[in-house]
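Undergrad: heads up, no residue letters with this:
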């Protein structure tokens, strides 16, 4: 049984890749970011990619361009910036973030397309802050109910529980309860990047960023877990430019994350950071260096998406 998937807000393809690994057919991916769409196209040559604003897309358009009469599974990751505490400018009222924030309201576009496509299963990923208050949870439940999905589960999953070498707690909102099998052991930084130093320049996205003398001097003083500076979020300051501890799981990889190598006085390359998100080395990122880092940091870790996809495959026929 080949289950057919559509991925909204597909980014560089981390969510899709977990389903592809598990032999799903990814019919279509939609993202308006040019570099992310190019990255996706390169790595999923058999999938149609639309570089388009989701607000201009309708369910009938998706069925027409894919030549299908239905979609089995709808996945996607609407932008989290309107909800995340890492955004110092998020709206004060949590419910307003859903209805009046330009990026937060894109969650409603996902729900709209869900109602138009009526897949058997949907999985929508976001930061836990999207359901941080009862009023916001109730508003989201109401919106899903409007399009015919009354039984909604807020599945909180930690990527590191499924073999990902960096921390990441996310909520996967779905019409099914997700209970994928956890990985048996902790995967740490050294497990995934220790072999890459002598491959610099020999793998895609594995080039070292040159630093000035001042930055090199600052970095050289850092021990494992130390950081260069902080940035202000809505809940206080968050450390950035952290020197990774090779014997521990890495902190959460964000779009603006720039980790420092455990042993060398340099930033991790895009490839090393992609390893922290379980991307295989043949997954190539397109765009400027900053765009590549952003694509890595804004993804669903592949180890987690693969675990979710495997779980769904095992229960699909029973639903």
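TA: Alright, I've got the coordinates. None of the values given here were measured: they were computed from a predicted structure.
Undergrad: Please make it C-alpha for all contacts and neighbour counts, starting now.
TA: Noted.
Undergrad: where along the stretch 201-319 of the chain do the helices fall?
TA: Using DSSP state H, counting those that start in this stretch, the helices of the stretch 201-319 of the chain run over residues 213-220, 270-275, 289-297, 302-315.
Undergrad: Give me the distance between the first one and the centre of its chain.
TA: Computed by Cα atoms, centre = their mean, to the nearest Å, the chain-centroid distance of helix 213-220 equals 31 Å.
Undergrad: and what of the longest one?
TA: In terms of Cα atoms, centre = their mean, the gap separating the centre of helix 302-315 from the centre of its chain is 15 Å.
Undergrad: if we can go back for a sec, nearest to residue 71, out of the helices of the stretch 201-319 of the chain?
TA: Distance to residue 71, taken as Cα to Cα, is lowest for helix 302-315 among the helices of the stretch 201-319 of the chain, at 14.8 Å.
Undergrad: Check which helices and strands that closest one is in contact with.
TA: helix 14-21 (3 or more Cα pairs under 8 Å, 6 or more residues apart in numbering; DSSP states H and E).
Undergrad: Measure how the helix or strand just after the helix it packs on sits relative to helix 14-21, angle-wise.
TA: Heading C-terminal from helix 14-21, the first helix or strand you meet, by DSSP states H and E, is strand 25-30. Angle of strand 25-30 versus helix 14-21, following axes from the mean of the first three to the mean of the last three Cα atoms, to 10 degrees, is 170 degrees.
Undergrad: which residues pair with the nearest residue to residue 48 once chain neighbours are set aside across the strands?
TA: Of all residues not flanking residue 48 in the chain, residue 28 sits nearest, at 4.8 Å (Cα to Cα, 6 or more residues apart in numbering). Beta-bridge partners for residue 28, by DSSP bridges, are residue 6, residue 48.
Undergrad: Counting neighbours, what do you get for residue 28?
TA: Counted with other Cα atoms under 10 Å, residues neighbouring residue 28 total 22.
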